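> give me coordinates for this.
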Amino acid sequence: MHGLGQEQKDELGSRRYLLRRFWATGVGYWRLGGERSAWVLTGGLFALILLNLGISYEVNIWNRTIFDELQQRDSATVLLQGIIYFPLMAISVALGVLGVYARMTIQRLWRAWFNRRLLDRWLANSRYYQLNLVKGDHANPEYRLAEDLRLATEAPIDFAAGVISAFLSAVTFIFVLWTIGGALSFDVAGATITIPGFLVIAAVIYAVLASGTMVFIGHRFVAVSESKNQAEAEYRYMLTRLRENAESITLMGGEDEERRTVDESFGIVLHRWRDICIQAVRSTVVSQTSGYFSAVLPILLCAPKFLDGSMTLGQIMQAAAAFAVVQTAFNWLVDNYPRLADWSASARRVSSLMISIDLLERAESGKGAPRIRHSETDRAAVRLCNLSVTLDDATLVVKHAEVTIARGERVLVVGQSGTGKSSLVRAIGGQWPWGKGEVQLQRGTKMCVVPQRPYIPLGTLLRAAAYPTPAEEVDREEVAKTLKVVGLGHFVDRLDEDIPWEQTLSGGEKQRLAFARLLIARPNIVVMDEATSALDPSSQKHLMELIHKRLHAATIIGVGHRPELESFYERKLVLESRHDGARLTRDVDLTRLAALARRRDIVVKFDRSLPACSGVFHQSAASVRPLTSAIVR
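You can find the predicted model right below:
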């Protein structure tokens, strides 16, 4: 890397590291614990390459024979060679078909194996969620799993088969060129110069020049391909977000603004494609020029020997065919450099995703940023033991939370926006891993977390209502009854409809559906993060009372801003923002507060009902009133 700047050296080193990371996982397909069929298919593909090479050699011999017989005007032999050509062609086609089938089968099975491993790691321990919260080169993981992984597993099999075939073809037909061409002698200034194996030397020099030119002209292909793939991924992601948020955009009239953003993103795609086009044009100039010269060069080189009678027409045509095969083998890089660059870009994008998952895995094993411990307890439903919630860079969000929540207790967490309420409840649910301290949950508990925007999966309404339980494992009649009690009875007849329910249901209907899921799943602990924000007060009251009635033994932890929510909870935990992280500053007994409020109302009503002349009673009520007010405050 002499002559490169430090930035270029770092970039080159990074590329090599990413490709090594890709192969570290990819070769596992052929190791113990991989697919049993991997080596069988690989061996079969190699055998087909050898057989196909043998047929190519036979066709090369046939080429020499038929042209020699044409030169001799031997019609019988020409006819015989014409007949022989058809079985050769049939065998070659059959081997080609089997080779394509074996090659594509390996690609398909390798991709399936790789996809399965990557998906397992991505979905484990909520990493797919945590990747959205940490820094790293893992944007648009869905594009990397779908498109980049496809390219990354297809191309290496083609390359491996191509390289093996090119190498064996080069060795075989170099021998043919050496044998046929022999030495070329010519006189220069009275001296005779002899070049042994002149056709082989010419083929090597020509291939080096062509390949070197391609490398020089297409050296930016890798970087350009990676930029193009990233632009394509971002454009696809933008269109996906537009579709998923279609209702909000429509209601706000944001079509023009979205169109401007989409056009800008697509403009970047077109710019990257222009760069690819420029590189492709340069490569095409080299490959096309190389192809034309390689067809003529051997004939021109052999012409002197043919004219002096030392070579036959059949030998020239055999040499020309062998020269073409050798050039194809030597120019493998010339023909495949653009695709090799595309593969390198895709493999590195897949590796970047794997490296980000590696970092999360190392953190889970105790390395990296501190993580919250989770354990079970028999003494309470939930216990937060000196719990601090942080970002992945150790920035404090919530500091030193110490809370015990009894079984069946209903607790409301309140605080200003941005104090970390959602992060706290996600830490309790296990989705937020970063921090210190410990979260203890009731032993053998079943927890359900209800977010502000409930997830609606693809498929039928029955699947959406049963989620995450498979639809076939729930009682259909129970689902129908539950939908009715939560206010979705008008959808009962559409349980089997497979339509985009995410766009069909309103925000309030999605939250009603989330309550239906709770009633169907019957968890021990329910965590609700602004779960009623899209509901009107009467609907909120109905659903909260329904949960308390049907899940009376469940522990409920809620996050919300509405004051009327306090009537559905027994305790209130108040989060207050501090410069070094939010803290739980107050633990209010809402049940006692409500009782005191009722007593105050009774006193007020009693006071108002006293006659003006009843001074004794009036004085007694007045003496109680300040005391009650002080307790309430």
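> check contacts around the residue nearest in space to the middle of the chain.
Geometric centre of the chain, nearest residue: Pro141, 2.7 Å, by C-alpha atoms, centre = their mean. By C-beta atoms under 8 Å, 6 or more residues apart in numbering, the contact list for Pro141 reads 122, 128, 131, 353. Using the backbone N, CA and C atoms, a C-beta is placed for each residue, glycine as well.
> list phi and psi for Ser388.
For Ser388, the backbone dihedrals (degrees, to the nearest 10) come out as phi -120, psi 130.
> how much space between the closest residue to it other than its chain neighbours and Pro468?
Once flanking residues are discounted, Ser388 sits nearest to Lys436: 4.5 Å by C-beta to C-beta, 6 or more residues apart in numbering. Separation of Lys436 from Pro468 (C-beta to C-beta, to the nearest Å) stands at 30 Å.
> who's more crowded, those two?
Higher neighbour count among Lys436 and Pro468: Lys436, with 17 against 10, using other C-beta atoms under 10 Å.
> helix/strand/coil for that one?
strand (DSSP: H, G, I helix; E, B strand; the rest coil).
> how deep is Glu564 tucked in, by neighbour count?
12.
> no, scratch that, I was asking about Gly408
14.
> adjust the sequence numbering to begin at 826 for everything that follows.
Right, with 826 as the first residue, what we last looked at is Gly1233.
> residues contacting the closest residue to it other than its chain neighbours?
Leaving aside its sequence neighbours, Gly1233 sits nearest to Ala1378 (C-beta to C-beta, 6+ apart; 5.4 Å). Ala1378 makes contacts with 1232-1233, 1349, as judged by C-beta under 8 Å, 6+ apart.
> let's go with 10 Å and repeat that
1232-1233, 1347, 1349 (C-beta atoms under 10 Å, 6 or more residues apart in numbering).
> pick out the most distant pair among these.
Arg1232 and Arg1347 (14.7 Å; C-beta to C-beta).
> pull out the buried members of the contacts of Ala1378.
By neighbour count, with 16 or more other C-beta atoms under 10 Å, the contacts of Ala1378 hold Asn1349 as buried.
> pLDDT for the contacts of Ala1378 - can I get that in TSV?
Listed next are the contacts of Ala1378 as TSV, based on pLDDT from 0 to 100:
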residue	pLDDT
Arg1232	93
Gly1233	92
Arg1347	92
Asn1349	92
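> nearest to Leu1216, of the contacts of Ala1378?
Using C-beta to C-beta, Asn1349 comes nearest to Leu1216 of the contacts of Ala1378, at 29.8 Å.
> in whatever helix or strand Asn1161 lives in, what's buried?
Asn1161 is part of helix 1157-1189, with elements assigned from DSSP states H and E. Buried residues in helix 1157-1189, defined by neighbour count with 16+ other C-beta under 10 Å: 1157-1179, 1181-1182, 1184-1185, 1188.
> I'd like the next helix or strand past that helix.
Immediately after helix 1157-1189, counting by DSSP H and E, sits strand 1198-1202.
> from the chain's centre, how far out does that next one sit?
The chain centroid and the centroid of strand 1198-1202 are separated by 31 Å under C-alpha atoms, centre = their mean, to the nearest Å.
> then stretch 1075-1094?
24 Å.
> do the same with stretch 1271-1288
Centre-to-centre, stretch 1271-1288 and its host chain are 22 Å apart (C-alpha atoms, centre = their mean).
> likewise for stretch 1160-1172?
The chain centroid and the centroid of stretch 1160-1172 are separated by 20 Å, computed with C-alpha atoms, centre = their mean.
> one more: stretch 1099-1117?
The chain centre lies 32 Å from the centre of stretch 1099-1117; the measure is C-alpha atoms, centre = their mean.
> who are the contact partners of Ser1181?
By C-beta under 10 Å, 6+ apart, the contact list for Ser1181 reads 947, 952, 955-956, 959-964, 966.
> just Ala995 next, same as before
By C-beta under 10 Å, 6+ apart, the neighbours of Ala995 are 1028-1029, 1032, 1150-1155, 1157.
> phi, psi of Thr1380?
Main-chain torsions, Thr1380, degrees, to the nearest 10: phi -90, psi 130.
> what's the closest non-adjacent residue to it?
Leaving aside its sequence neighbours, Thr1380 sits nearest to Ala1206 (C-beta to C-beta, 6+ apart; 3.8 Å).
> my read: the one you found touches Gly1269, true?
No. Between Ala1206 and Gly1269 there is no contact under C-beta atoms under 10 Å: 11.7 Å.
> now do the shared contacts for these two.
With C-beta under 10 Å, 6+ apart, Ala1206 and Gly1269 have common neighbours Asn1349.
> which one's more surrounded, these two?
Ranked by neighbour count (other C-beta under 10 Å), Ala1206 and Gly1269 place Ala1206 first, with 23 against 8.
> before we move on, the earlier item: out of the contacts of Ala995, which are inside strands?
In strands, judged by DSSP state E, none of these are found.
> show the buried residues in those residues.
Restricting these to buried positions leaves 1028, 1032, 1150-1155, 1157, with burial counted as 16+ other C-beta under 10 Å.
> need the max-distance pair from those residues.
Ala1028 and Trp1157 (13.5 Å).
> ok, longest helix in the chain?
helix 1080-1132 (DSSP state H).
> and that one, what does it pack onto?
Packing contacts for helix 1080-1132, counted by 3 or more C-beta pairs under 10 Å, 6 or more residues apart in numbering; DSSP states H and E, involve helix 974-1006, strand 1008-1013, helix 1023-1042, helix 1046-1069, helix 1071-1077, helix 1138-1155, helix 1157-1189.
> and the angle for that helix with helix 974-1006?
Orientation of helix 1080-1132 against helix 974-1006 (axes from the mean of the first three to the mean of the last three C-alpha atoms, to 10 degrees) gives an angle of 10 degrees.
> what angle separates helix 1080-1132 from helix 1157-1189?
Using the same axes, to 10 degrees: helix 1080-1132 against helix 1157-1189 is 140 degrees.
> so who does Glu1303 touch?
Here Glu1303 is in contact with 1290-1291, 1344-1345 (C-beta under 10 Å, 6+ apart).
> who's in contact with Arg1173?
The neighbourhood of Arg1173, defined by C-beta under 10 Å, 6+ apart, consists of 839-844, 846-847, 962, 973, 977, 1047, 1051, 1054.
> flag the least confident of those residues.
Of all those, Val1047 has the smallest pLDDT value, namely 68.
> hang on, Glu1401 packs against Gly1243?
No. Glu1401 lies out of contact with Gly1243 (C-beta under 10 Å); the separation is 11.6 Å.
> so the residue nearest to Gly1233, which state does it fall into?
Under three-state DSSP, Ala1378 comes out as coil.
> so what does it have for phi and psi?
Dihedral angles (degrees, to the nearest 10) for Ala1378: phi -90, psi 0.
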